[in-house]
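Enquirer: this is a predicted model, with the sequence first.
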Amino acid sequence: MTGPTDTTRRSFHTSVIYGLWALIAGALSLPAAIYLLLPPRARKEDPWVEAGDVTQLPLRAPEEVVFRRNRVDGWKITSEKVTAWVVKLSEKDVVAFAPQCTHLGCNYHWDARQGNFLCPCHNSVFSIDGKVLAGPAPRPLDRYQAKVADGKLLLGPVGEVKS
């Protein structure tokens, strides 16, 4: 006859199985608890991105500039190719426009013959300084924050321009 403190083969195997279940549950719940309870570290990145050499830009002739920018989405960082229409107004004054029309977000282009930006989808027309000349666009072209440092064009976030 066996007593209450005696271990049988069946009770030993049951204890081992429950122990393995507890180990697996702990291994799976620890990363989930860390994900839910600890906020991600704030990444302090410079919002300014180098977009090109200002000395290579012609005066008062818009150029489409392609550059790379990192976008942070939660824990995921994506490097994406972005464009801007850059106009060199003087040797130290540069304006960079976002590439989307302010009407419905279509891409526009520079029409050199007419000397303005043209959105082919809905016929919005913008001047070289981004103001609306014609069409359904409700406001001027959005601009990147721009600055020049050591002959390099640095672009920051995009913002709306008030009429």
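Expert: Sure, I can see it. Numbers count the residues shown, from 1 in each chain.
Enquirer: and the top strand by length along the chain, how far out from the chain's middle?
Expert: Scanning the chain for the strand with the most residues, using DSSP state E, yields strand 76-88. For strand 76-88, the distance from its own C-alpha centre to the chain's C-alpha centre is 9 Å (CA atoms, centre = their mean, to the nearest Å).
Enquirer: kindly report the same for stretch 11-30.
Expert: 44 Å.
Enquirer: thinking again about what came up before, only C-alpha atoms, please: export the longest strand of the chain in CSV.
Expert: C-alpha atoms of strand 76-88 as CSV (Å, rounded to 0.1, in the frame of the first residue of the first chain):
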residue,chain,number,x,y,z
LYS,A,76,9.8,49.8,-37.3
ILE,A,77,12.2,52.2,-39.0
THR,A,78,11.8,52.5,-42.8
SER,A,79,14.2,54.2,-45.2
GLU,A,80,12.1,55.7,-48.0
LYS,A,81,12.9,57.6,-51.2
VAL,A,82,11.3,61.1,-51.1
THR,A,83,11.2,64.0,-53.6
ALA,A,84,11.0,67.7,-53.3
TRP,A,85,10.7,70.6,-55.8
VAL,A,86,13.6,72.9,-54.9
VAL,A,87,13.8,76.5,-56.1
LYS,A,88,17.0,78.5,-55.5
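Enquirer: and the residue most central in space within the chain, how far from residue 39?
Expert: Centroid-nearest residue in the chain, with CA atoms, centre = their mean: residue 71, separated by 3.4 Å. Going from residue 71 to residue 39 by CB to CB, to the nearest Å gives 19 Å. C-beta here means a position set from N, CA and C on the backbone, and glycine is covered the same way.
Enquirer: before we move on, the earlier item: name the helix or strand for the residue nearest to the centre of the chain, please.
Expert: If you go by DSSP states H and E, residue 71 is part of strand 63-73.
Enquirer: strands paired with that strand, and their directions?
Expert: Strand 63-73 pairs in its sheet with strand 76-88 (antiparallel), by DSSP bridges.
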